[in-house]
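In: Give me coordinates for this.
(chains A and B)
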Amino acid sequence: MTGPPAIEGPDETETLAGVESQAERAGGKGPSSPGREPRERARSLWSDAWHDLRRNPVFLIAGLLIAFLVLISVWPGLIASRDPLSCRLGRSLDASSAGHWFGFDTQGCDVYTRVVYGARTSVTVGVCATLGVAVLGSVLGGLAGFFGGVWDAVLSRLTDIFFGIPMILGGLVFLSMTGSRSVWTVVAFIVLLGWPQVARIARGSVITAKQNDYVLAARALGAGNARMMTRHILPNAVAPVIVTATIALGTYISLEATLSFLGVGLQPPTVSWGADISAASQGMQFRNAPHILLYPAAALSLTVLAFIMLGDAVRDALDPKLR
Amino acid sequence: MHGEGSSRKVAREELIQARKLLAKSHAERSYAAGEPILQVRDLVKHFPLTQGVLFKRQVGAVKAVDGVSFDLRKGETLGIVGESGCGKSTVAKLITHLERPTAGTIRYKGNDITRASGRALKAVRRNIQMVFQDPYTSLNPRMTVGDIIGEPFDIHPEVAPKGDRRAKVQELLDVVGLNPEYVNRYPHQFSGGQRQRIGIARGLALRPEIIVADEPVSALDVSVQAQVVNLMERLQDEFGLSYVFIAHDLSIVRHISDRVGVMYLGKLVEVGTETEIYEHPTHPYTQALLSAVPVPDPEAEGRRERIVLEGDVPSPANPPSGCHFRTRCWKAQQRCAEEEPPLAVPENFADSLPGEAVHHPSACHFAAERAAVVGPVET
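Out: Next up, the predicted model:
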């Protein structure tokens, strides 16, 4: 991830190489921009943001953590050789030992193996629900804010209605109606109830960005709606959405845990951090054996922290004033 | 010998050809000089006032611009002055098609462009550009200067082929007096005056014929104001631009304008050349406005008479009948409430000659010169 500073970008079409090299900062430009916009110029918001991110230790740490999490979600067998479902009641609540670093839980399952295997569920729920909420919410909210009028009024009232439904209550009602619940049922439920929060924030920040003179200037130049949205409004309105979404990601992972705790989330044999935390906090066993709560909770906290750090770094990189 | 003769003949023909071309371009120029490049007639913009959340009904209208007419000639600067809220900025937005007029027509080189849309509108926009008031909000903080000035070429790719664009952007930076190496910087790295230069460069990019400048210097320091105004004057000479220069600073407007229009509550009340307006104003509002300008000479300041208007500007949602200015005018009589004075050479100056300074349109029934009004000294 830490590319050497002077990589020459092969995908950047260099039009005025001579002029360019003078004006170029010592760092050179990134080997690839995030691929949002094909640029014919050397520097733009996205390439500058990428240039900054690659040098930001916070981003690097968060990125490494997330990459690691994704890796063990896909191949948990890489670092855990046991089966998370092979449990022996005889070892219930045993402390950590050689070969079983995190000890055993109430059911006598290896906590380490369950923490590793639980990553898949928690990361899937967190990432997919957040992506769904962010995309749906910012598209609907952004369009409502940009175009205004009747659709804006309808959407605003709709978000009001959704805001009236508490997540837990909604979960109890919706999820208890579904017969078999998978990770995707939970993701769908969170997206369904979560998008209005992002939609409101996106709508508000689009309305704020829309009122700036530079949007008028673009219109006076003859820019179409698509250009105004992608070049002028999106970059200036995306920061609050990123912040909300990264904070929400942690909330969604714990929401999945809560729902599992209430019996409407994921059911065994699905392994998830949420389910394990709920199980550990039942009956106060963690007073005698804190490790059964500590390790899944630590994994959850670390994941949430990594995503919040990532969101923070991305938001800062997209703000040239902080450079 | 023979060869020399034929080459002379060719040279003479070339000369004739060149003269013809020159004559043709002269003819075009004289046509352009006589014919106004922009004609605005009875322009009206009403913003509806609505009530209700989901089902909105109109309960009235703010009459921001209420019948404004003027001509702009090629290479000329028309200054528009007036206090805040008189509709100056709305006029700018109507000319640049940022707002749709409620009524009236705008003609560019004789073509009605009031309701232009699609490709026609895009072509119009190439020729009429705008410079904004606040250089802190008129530049996208997340775009580099190169992207900001280059955006016009992205929108109108026919103006500059892709390979040329960067060079064009740097040339524009040079034209407005900024270092061409600044292309990769962001707006927040510049001062207010530099930002306004960037805004001007963006306005110039498409080589427009008309630039509408909406209070381009009022957000800047006085020293920087002069630089920007001088830059605009230089660019006008260089590119043959016509300006509609909107401001509330009377001295700046006098400095840059060939003709000046005074606006009050959505209407032009007096239009004339710089001398006519500043030295021979006949409309009471213009006189009051000019008397509010401080004179840098303390003796002259003590001698002159100040006209202090009483009351506030009436609401544009509910303007007074007849003459809009009558509620604050010391000359107001019954006639002013009943009959709206047209913007024309006033009756009592009807027999003045066209060359005389008082012979200019002034929308007042009782238009008269006032001796004690001293205009601002030219800066």
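
In: quick one, domains of the chain?
Out: Using chain A. A:1-55, A:77-322 (automatic domain parsing).

In: if you could check chain B rather than the one you did, that'd help
Out: If you go by automatic domain parsing, chain B breaks into B:34-50+B:60-257, B:285-349.

In: Need the winner for burial among those domains.
Out: Per-stretch averages of neighbours, counted by mean count of other CB atoms under 10 Å in any protein chain shown, single out domain B:34-50+B:60-257 among these, with a mean of 20. From N, CA and C alone the C-beta is placed, and that goes for glycine too.

In: can you give me the offset of it from its chain's centre?
Out: 9 Å (CA atoms, centre = their mean, to the nearest Å).

In: Most tightly packed of the domains of chain A?
Out: Taking mean count of other CB under 10 Å, domain A:77-322 is the most buried of the domains of chain A, at a mean of 19.

In: Straight-line length of that domain, end to end?
Out: End-to-end distance for domain A:77-322: 42 Å, by CA to CA, to the nearest Å.

In: dump the residue contacts of residue 213.
Out: Assuming you mean chain A. Contacts for A:Asp213 were tallied using CB atoms under 8 Å, 6 or more residues apart in numbering or on different chains; they are B:132-134, B:137-138.

In: sorry, should have said chain B
Out: Shown in contact with B:Ala213 (CB under 8 Å, 6+ apart): B:130-131, B:232, B:243-246.

In: Make a markdown table out of the contacts of A:Asp213 and add secondary structure.
Out: As requested, these are exported to a markdown table (DSSP: H, G, I helix; E, B strand; the rest coil):
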| residue | secondary structure |
| --- | --- |
| B:Phe132 | coil |
| B:Gln133 | coil |
| B:Asp134 | coil |
| B:Thr137 | coil |
| B:Ser138 | coil |
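
In: Looking at the contacts of B:Ala213, which are in helices?
Out: B:Met232 (DSSP state H).

In: Just give me the lowest mean pLDDT stretch among the domains of chain B.
Out: Lowest mean pLDDT within these: domain B:285-349, at a mean of 86.

In: ok, A:Val206 touching A:Gly141?
Out: Yes: contact status for A:Val206 versus A:Gly141: in contact at 7.1 Å, counting by CB atoms under 8 Å.

In: hang on, the earlier thing: and the two most separated of the contacts of A:Asp213?
Out: Within these, B:Gln133 and B:Thr137 form the most distant pair, 8.7 Å apart (CB to CB).

In: Quick check, the residue in the stretch 251-379 of chain B closest to chain A?
Out: Per CB to the nearest CB, B:Ile252 is where the stretch 251-379 of chain B lies closest to chain A, at 20.1 Å.

In: So that residue: helix, strand or coil?
Out: With three-state DSSP as the basis, B:Ile252 sits in helix.

In: What distance do you get for it to B:Ala226?
Out: Remark: distance between B:Ile252 and B:Ala226 (CB to CB, to the nearest Å) = 9 Å.

In: where exactly do the strands run in the stretch 1-150 of chain B?
Out: With DSSP state E, counting those that start in this stretch, the ranges of strands along the stretch 1-150 of chain B come out as B:36-51, B:57-73, B:77-81, B:103-108, B:111-112, B:128-131.

In: Chain A is nearest to which of those?
Out: Nearest of these to chain A, taken as CB to the nearest CB: strand B:128-131 at 4.7 Å.

In: What values do phi and psi take at the closest residue to B:Leu265 other than its chain neighbours?
Out: Leaving aside its sequence neighbours, B:Leu265 sits nearest to B:His324 (CB to CB, 6 or more residues apart in numbering or on different chains; 4.3 Å). Backbone torsions of B:His324, given as degrees, to the nearest 10, read phi -60, psi -20.

In: Give the buried residues for stretch B:260-279.
Out: Under the neighbour-count criterion of 16 or more other CB atoms under 10 Å in any protein chain shown, stretch B:260-279 has B:260-272, B:274, B:276-278 buried.

In: thinking again about what came up before, list the contacts for the residue nearest to B:Leu265?
Out: B:66, B:264-267, B:269, B:314.

In: State the pair within these that is farthest apart.
Out: B:Val269 and B:Pro314 (14.1 Å).

In: For chain A, give the helix that spans the most residues.
Out: When chain A is parsed with DSSP H, its longest helix is helix A:111-147.

In: any residue of that one up close to chain B?
Out: No: using CB under 8 Å from any CB of the partner chain, helix A:111-147 stays clear of chain B, with a minimum separation of 13.6 Å.

In: Output the contacting helices and strands for that helix.
Out: helix A:57-74, helix A:149-163, helix A:183-210, helix A:234-261, helix A:273-281, helix A:291-317 (3 or more CB pairs under 8 Å, 6 or more residues apart in numbering or on different chains; DSSP states H and E).

In: following the third one, which helix or strand comes up?
Out: For helix A:183-210, the succeeding helix or strand toward the C-terminus, using DSSP states H and E, is helix A:213-221.

In: What average pLDDT does that following helix get?
Out: Here the average pLDDT along helix A:213-221 is 91.

In: Can I get it in CSV, CA atoms only?
Out: Below are the C-alpha coordinates for helix A:213-221, written out as CSV (Å, rounded to 0.1, in the frame of the first residue of the first chain):
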residue,chain,number,x,y,z
ASP,A,213,-22.4,30.7,-6.4
TYR,A,214,-20.1,28.2,-8.1
VAL,A,215,-23.2,26.1,-8.9
LEU,A,216,-24.8,29.2,-10.5
ALA,A,217,-21.5,29.8,-12.3
ALA,A,218,-21.5,26.3,-13.8
ARG,A,219,-25.1,26.8,-14.9
ALA,A,220,-24.2,30.1,-16.5
LEU,A,221,-21.5,28.2,-18.4
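
In: and the helix or strand that it is followed by, does that touch chain B?
Out: Next in sequence after helix A:213-221, counting helices and strands by DSSP H and E, comes helix A:225-227. Yes: Helix A:225-227 comes into contact with chain B (CB under 8 Å from any CB), by way of A:Arg227.

In: Next, the residues that contact helix A:225-227 from outside, please.
Out: A:146, A:218, B:154-155.

In: Can I get those residues in JSON lines including distance to B:Ala367?
Out: Shown next, in JSON lines, are these (distance: CB to CB, whole Å):
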{"residue": "A:Phe146", "distance to B:Ala367": "49"}
{"residue": "A:Ala218", "distance to B:Ala367": "43"}
{"residue": "B:Asp154", "distance to B:Ala367": "51"}
{"residue": "B:Ile155", "distance to B:Ala367": "46"}
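
In: of these, closest to A:Val111?
Out: Ranked by distance to A:Val111 (CB to CB), those are led by A:Phe146 at 49.4 Å.

In: Skipping its backbone neighbours, what lies nearest that closest one in space?
Out: Distances taken as CB to CB, 6+ apart put A:Val206 closest to A:Phe146, at 5.5 Å, once the chain neighbours are dropped.

In: now the one you found: how far from chain B?
Out: Using CB to the nearest CB, to the nearest Å, A:Val206 is found at 14 Å from chain B.

In: Tell me the first helix or strand C-terminal of the least confident helix or strand in chain A by mean pLDDT.
Out: When the helices and strands of chain A are scored by mean pLDDT, DSSP states H and E, helix A:17-23 comes last with a mean of 36. Next along the chain after helix A:17-23, taking DSSP H and E as the criterion, comes helix A:45-53.

In: by contact count, what packs against that next one?
Out: Right, helix A:45-53 is packed against helix A:291-317 by 3+ CB pairs under 8 Å, 6+ apart.
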